[in-house]
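Q: compute the structure for the input listed below.
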Amino acid sequence: MPSQIKYIIGNEACERFSFYGMRNILVPFLISSVLLGYLPDASAREGAAKDLFHSFVIGVYFFPLLGGWLSDRFFGKYNTVLWFSLIYCAGHACLALFEANATGFYTGLFLIALGSGGIKPLVVSFCGDQFDQSNKHKAKLVFDAFYWIINFGSFFASLLAPLFLRHLGPAWAFGIPGVLMFVATVIFWMGRRDYVNVPPSGPDPDSFLSVVRTALLRKGGGIGTAVAGLSVALAIVMLLSWATGAAYWPAGWGFVITACLALGVLIAGVGYGASLQLARAHGAHPDEAIAGVRAVLRILIVFALVTPFWSLFDQKASTWIIQGRAMLIPHEAWWWPSWLIQDAAQMQALNPLLVMLLIPFNNLVLYPALTRLGFRVTALRRMGWGIAISALSWIVAGVLQLWLDGGDQVSIAWQALPYLLLTLGEVLVSATALEFAYSQAPMAMKGVIMAFWYLTSTFGGLWVLLTNATVRHPDVIGWITARGWTENAFLMFFFAGFAFLAAAAFAVYARVYPMQDNYRTSG
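A: Just a heads-up that it's a prediction; the model follows:
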């Protein structure tokens, strides 16, 4: 085992604790903080806290594009990770120092999104760079350790950070994760003399974007070029409509929503346009590069159908915390660990704990049992069922919300059921999607696939912001209340239906998707 691996694993453990520690207390802090004190009631503060949280998550999963580009083109992985880690530390410091100052606190959130997102696509691949042909058989052990460290850090952060907020106050609650991030950076820096540093590749004449550009611009125009050009024009119009405050542009669609919509239009239009005339790239690029682009464009449709899953999953740290705050914590029950579980936000610790239990259960028990019964447990089937099971978790959460809205006292222990279903959905979708994408994309396009995979979380956050902005329109609120619903209950069943539709569309596309096998050949 390369001796420098201990620095990378130690860095990951501390960084994951720091990230999940601050992330999982963000919504409860914002709801009760002076930062949202200008809002008239608790409902408005809860809505604003959810919007801020999901805007932050959108940034976290957008900035991997920047980190990966800077690393590959200019600075290499080590330098990029180190500098983004320092930005990350500065963000934590802002949260701890400016708990009552909106400008300082929101600057901290931006810096953490930039720092965390910037290093996200690099640390695992940097770890892989430390191995060669002589010890590559050890790499799987390290990647397994990475997975466990992520969930281990998330578990303890989810368990302890709400207690820090409750008993020590926000400065300490955000400061302790900041200290852990500083420790993570120091640990990473300590291995600087031992690391294997693969130099940046620089410009790639046969990259994904190079092939797409050739397909669209070579030999004059075409229908694909027109489609791509229209998408670029539409994205610019959307941004200008927001910037000028155009009367036709919805008032609730701020910069984050508008920018994400414009990005989505660009990816869809340029991708579809390029797919119509990829043949134009022949002669200018190798056939392997063109086939790789075609494979990536097919995978993007799969990824697009996964985005509704993330709109459900990430709300466990916003909508489900808000629901839990209205529930009864059964301190009087003999089976409830009152000495430890004292806050609704701590229920999030169930997710990483269940992940660590469900992965081996699925691989050792569930999948073999289904195979013996005659069911083919393919990657696409696992993902489709994962989206549907996640939708079911929101049906259960919606029923709990109806009980609360009806005036019942509901024990927070009931939230364990939707957490179990959502985590099962996560294991089926998230872990499987990485395996699927790796097998479908040629070696030269695997980095591009990872960048697009992170964007699925960005667009999952977009669906949340769009839905919340639409529901808050007076006419929509009136329609919901006229039917005896509360906004929270309506949203839970809406997102369940959204995910069920996505699962159905996923199943249809999975039937026609042409499976590939792009694993590296032995030797």
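
Q: give me the number of neighbouring residues for residue 483.
A: 8 (other Cβ atoms under 10 Å). All C-beta atoms are positioned from the backbone trio N, CA, C, and that covers glycine.

Q: tell me how far it lies from residue 417.
A: When Cβ to Cβ, to the nearest Å is the yardstick, residue 483 and residue 417 sit 26 Å from each other.

Q: over to residue 385?
A: The span separating residue 385 from residue 417 equals 18 Å under the rule Cβ to Cβ.

Q: neighbour count winner among these two?
A: A direct count of neighbours by other Cβ under 10 Å for residue 385 and residue 417 places residue 385 higher, at 19 against 15.

Q: report all helices and strands that whatever helix or strand the more buried one lives in contacts.
A: With elements delineated by DSSP states H and E, residue 385 resides in helix 379-405, which encompasses its position. Applying 3 or more Cβ pairs under 8 Å, 6 or more residues apart in numbering; DSSP states H and E, we find helix 379-405 packed against helix 287-313, helix 319-325, helix 416-426, helix 432-440, helix 487-512.

Q: and the chain, what are its domains?
A: In terms of domains, the chain is parsed into 1-191, 307-523 (source: automatic domain parsing).

Q: stretch 176-196: how far from the chain's middle?
A: In terms of Cα atoms, centre = their mean, to the nearest Å, the centre of stretch 176-196 is set 24 Å apart from its chain centre.

Q: do stretch 458-467 as well
A: Taking Cα atoms, centre = their mean, the mean C-alpha location of stretch 458-467 is offset from the chain mean by 11 Å.

Q: ok, stretch 97-108 next?
A: Relative to the mean C-alpha coordinate of its chain, stretch 97-108 is positioned 24 Å out (Cα atoms, centre = their mean).

Q: repeat for stretch 81-94
A: Using Cα atoms, centre = their mean, the distance between the centre of stretch 81-94 and that of its chain works out at 20 Å.

Q: residues of it that come out buried?
A: Residues 81, 83, 84, 85, 87, 88, 89, 90, 91, 92, 93, 94 are the ones in stretch 81-94 that count as buried (16 or more other Cβ atoms under 10 Å).

Q: list the contacts of it.
A: 15, 18, 22, 67, 71, 75, 104-105, 107-116, 118-119, 122-123, 126, 174-175, 177-178, 181-182, 184-185, 188-189 (Cβ atoms under 8 Å, 6 or more residues apart in numbering).

Q: at 6 Å what do you get?
A: 104, 107-108, 111-112, 114-116, 118-119, 122, 178, 181-182, 185 (Cβ atoms under 6 Å, 6 or more residues apart in numbering).

Q: report all helices and strands that the helix or strand where residue 103 lies contacts.
A: Remark: residue 103 resides in helix 102-119, with elements defined by DSSP H and E. Contacts of helix 102-119 with other secondary structure elements, assessed using 3 or more Cβ pairs under 6 Å, 6 or more residues apart in numbering; DSSP states H and E, are made with helix 42-62, helix 76-97.

Q: residue 266 against residue 235, yeah?
A: Yes. Counting by Cβ atoms under 6 Å, residue 235 is a contact partner of residue 266 at 5.0 Å.

Q: so, low pLDDT: which residues of the stretch 51-200 of the chain?
A: 133, 136-137, 139-141, 143-144 (pLDDT under 70).

Q: just the C-alpha atoms of stretch 236-246, please, in PDB.
A: Listed next in PDB are the C-alpha coordinates belonging to stretch 236-246 (Å, rounded to 0.1, in the frame of the first residue of the first chain):
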ATOM      1  CA  ILE A 236     -29.200  34.400 -23.300                       C
ATOM      2  CA  VAL A 237     -32.800  35.700 -23.400                       C
ATOM      3  CA  MET A 238     -33.600  34.000 -20.100                       C
ATOM      4  CA  LEU A 239     -30.600  35.600 -18.400                       C
ATOM      5  CA  LEU A 240     -31.400  39.000 -19.800                       C
ATOM      6  CA  SER A 241     -35.000  38.600 -18.800                       C
ATOM      7  CA  TRP A 242     -34.000  38.100 -15.200                       C
ATOM      8  CA  ALA A 243     -31.300  40.800 -15.300                       C
ATOM      9  CA  THR A 244     -33.700  43.500 -16.700                       C
ATOM     10  CA  GLY A 245     -36.700  42.400 -14.500                       C
ATOM     11  CA  ALA A 246     -38.800  41.800 -17.600                       C
END
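
Q: buried sites along it?
A: 238, 241, 242.

Q: name all residues that make contact with the last one.
A: By Cβ under 6 Å, 6+ apart, the contact set of residue 242 is 249, 258.

Q: no further questions, thank you.
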